[in-house]
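Asker: would you be able to build a 3D model of this:
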Amino acid sequence: MQFTPQQIAGGAKFSSVTRIGNWSEEIALADAKLHNFQTKSAGGSLLLRKQQMKIAQCTQVVPHTFSEDGLVRFGDTIILQHTSTGRSLACDPYEDIFPGFRKFLVTGCADTSPIARNTFVVCRPQNGREAQSTYYEGEDQSVLRYGDPFILQCNESLLISPDGQSMAPPLYLASTQKNERTTTKVTNKQAAYMQETPSADCLWSVQKPSRGKTGCTERFVSHGLPVYSNEPFVLSHQCTNTFISTNAGTTELSDFGHEYEVFTSRESGKGKLAVMASEFSGKTTTGQLTKSTVEENEWVFMTAADPMAATDNRVLPVAPQVEELLDEIFQNLVGNNVGGFMELRKDFHDLDRVHDGRISLREVKKVFEKRGLSMANGRYDQVFNSVDKKGDRLIYYRELISLLRMPLSDSRMALMVNVYRDLDMGGNNQVPLATLSLQYQPQNHPLVQNATYGKEELRNVYLTNLIQSNQIRKQAPYVTLDSFVDYFSDLSSAIQDDEEFEAVFTSLWCKLS
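Answerer: Predicted structure coming up:
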């Protein structure tokens with residue numbers, strides 16, 4: 001039927017978007033679904049598109065170091081190939097094997113051509129005593145040697161963002177002591193993975209394979225000798241004294257197909273270690289006793305056979321500098337919030353349980369994440385290392401706050417100095433806290449005027465912060481000029497206009513208002 005009874009009787013017709021006896025909701029829904037699909041497809045957010053982009057990025061051909069003399073050097077891009085299976089060590093920076101911990105999958109890949117996921121850069125350690133080069137007098141310091149600690153960094157092509165405008169933090173090959181959460185899926189052994197932080201878990205060294213009695217001396221005397229490409233070795237994890245390994249019986253399914261599981265173990269060959277005859281003759285010592293190496297633990301560094309393979313025509317985005325990261329933290333954590341630095345300082349102090357003014361990287365991350373900032377672990381390390389001058393993974397949080405704040409202009413510095421001189425009636429650079437408390441007028445502070453704090457509440461916070469900062473400097477119950485300027489620089493960073501800052505700051509003191 002083409003018309004309804006109402007239309008036959010001369011009633012109003014339905015609009016063009018309405019069908020006879022049925023609303024066109026299904027058509028509108030289908031159109032919306034199609035539009036949503038097209039939008040996701042164009043933006044690369046479809047699961048299929050994400051998979052295609054991932055595989056394309058991970059399997060792109062990358063530069064491969066050519067070594068004319070066969071030596072492996074720091075900074076070389078190499079392939080780590082397993083001798084018995086012919087597989088190459090490969091990573092998947094998109095597959096988190098321990099969800100939430102950002103530990104990424106490492107497998108044995110069948111492809112041994114230089115692609116992004118199976119090439120690694122040999123790097124020196126970045127922190128701690130391992131970062132200090134082992135010097136061999138008269139030798140090339142850039143050459144990797146047996147026994148030297150080093151780290152393996154993923155290829156830079158894996159770090160490029162989907163829009164091609166930025167770089168993610170590097171990933172490093174790592175392992176940690178086996179426990180109920182960090183074991184491999186198939187063999188239940190100690191896992192090897194990629195992580196963002198170049199910690200002690202990322203330290204490796206190269207050792208000569210041992211053949212029992214025949215090879216123990218060679219391993220013992222090889223320490224300090226240069227490492228050559230295509231020469232078998234065992235890759236030893238420094239912290240757990242295990243060797244990275246794989247075998248054909250440990251297959252797991254990944255987005256790249258069936259690949260071999262990679263793990264670390266101390267598995268060794270069978271046989272006795274009695275070398276009493278050679279000890280008696282002086283050929284070996286008891287310190288050279290070592291079991292033979294199994295083939296599953298042996299690898300080689302592969303370099304390019306053709307010098308043209310090392311040609312790098314990539315145009316990589318520039319990684320963010322520390323200053324850019326500090327500005328990002330400032331905008332996210334403080335911005336235009338007048339009390340931002342005061343709250344940040346309080347959070348840091350609450351974590352400083354021994355009251356020495358120092359906190360760890362983990363505590364810095366805890367504070368930032370509590371305040372809504374999300375950055376990759378490698379970016380936290382980049383900021384942290386700019387303050388951690390000693391390399392002991394502890395920083396003075398006051399130095400970090402100073403880095404985050406805007407530089408104090410000469411006019412604002414002069415204003416603070418003049419206020420302090422007016423308060424320092426003795427002229428000895430020591431203003432008693434009692435004097436500061438008496439002269440301080442919290443009712444004029446923006447945080448009281450916008451009802452964020454009460455008058456006496458802000459006074460107590462102000463005095464508490466000053467006491468805490470002076471305890472660190474062993475100068476309580478007096479406040480020095482440096483402490484005074486340092487504390488009120490927090491307020492200065494939150495107020496952009498000079499005239500507004502001068503009006504606010506002078507109104508906080510009885511003598512000046």
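Asker: what about the nearest residue to Arg358 once chain neighbours are set aside, how many neighbours?
Answerer: Take Arg358 and drop its neighbours on the chain: the residue closest to it by Cβ to Cβ, 6 or more residues apart in numbering is Leu394, 4.5 Å away. Any C-beta I mention is one placed from the backbone N, CA and C, and that applies to glycine too. Burial measure for Leu394: 17 neighbouring residues, criterion other Cβ atoms under 10 Å.
Asker: ok, now the one 4 residues further on?
Answerer: Arg398 is surrounded by 19 other residues when neighbours are defined as other Cβ under 10 Å.
Asker: which strand or helix spans it?
Answerer: Element membership for Arg398, per DSSP states H and E: helix 397-404.
Asker: gap between that helix and the chain center?
Answerer: 20 Å (Cα atoms, centre = their mean, to the nearest Å).
Asker: other SSEs contacting that helix?
Answerer: helix 322-333, helix 340-351, helix 377-387, helix 481-494 (3 or more Cβ pairs under 8 Å, 6 or more residues apart in numbering; DSSP states H and E).
Asker: contacting residues around the shortest one?
Answerer: Residues from elsewhere that reach helix 377-387 (Cβ atoms under 8 Å, 6 or more residues apart in numbering): 102, 126-127, 168-170, 195-198, 320, 322, 325-326, 329, 361, 364-365, 368, 393, 395-396, 399-400, 403.
Asker: which among the residues you listed end up buried?
Answerer: Buried residues within the contacts of helix 377-387, counting neighbours by 16 or more other Cβ atoms under 10 Å: 102, 127, 168-170, 195-198, 320, 325-326, 329, 361, 364-365, 368, 393, 395-396, 400, 403.
Asker: just the ones in strands from these, please.
Answerer: Using DSSP state E, Gln195, Ile395, Tyr396 are the members of these that sit in strands.
Asker: quick check: pLDDT value at the nearest residue to the second one once chain neighbours are set aside.
Answerer: Once flanking residues are discounted, Ile395 sits nearest to Val387: 4.3 Å by Cβ to Cβ, 6+ apart. Confidence per residue is given as pLDDT, and for Val387 that number is 78.
Asker: what's the burial count for Glu80?
Answerer: Glu isn't right for residue 80; it's Leu. Neighbours of Leu80 (other Cβ under 10 Å): 21.
Asker: that one: what secondary structure?
Answerer: On the three-state scheme (DSSP: H, G, I helix; E, B strand; the rest coil), Leu80 is labelled strand.
Asker: rank the helices and strands packed on helix 397-404 by mean pLDDT and give me the bottom one.
Answerer: Among those, helix 377-387 scores lowest, with a mean of 75.
Asker: still on that earlier bit, against Ser402, how distant is the residue nearest to Ile395?
Answerer: Using Cβ to Cβ, to the nearest Å, one obtains 9 Å as the distance from Val387 to Ser402.
Asker: ok, now Ala28?
Answerer: For Ala28 relative to Ser402 (Cβ to Cβ), the value is 58 Å.
Asker: quick one: which of these two has more around it?
Answerer: Ser402 (14 against 11).
Asker: which residues touch that one?
Answerer: Ser402 neighbours (Cβ under 8 Å, 6+ apart): Asp486, Ser489.
Asker: repeat that for Phe256.
Answerer: Here Phe256 is in contact with Ile55, Cys58, Thr59, Ala90, Asp92, Thr107, Cys109, Arg117 (Cβ under 8 Å, 6+ apart).
Asker: got the angle between the helix holding Arg398 and helix 481-494?
Answerer: Helix 397-404 runs at 40 degrees relative to helix 481-494, counting by axes from the mean of the first three to the mean of the last three Cα atoms, to 10 degrees.
Asker: helix 397-404 - what's its average pLDDT?
Answerer: Mean predicted lDDT for helix 397-404 stands at 81.
Asker: how far off helix 481-494 does whichever helix or strand comes after it point, in degrees?
Answerer: For helix 397-404, the succeeding helix or strand toward the C-terminus, using DSSP H and E, is helix 410-423. Calculated by the same axes, to 10 degrees, helix 410-423 forms an angle of 130 degrees with helix 481-494.
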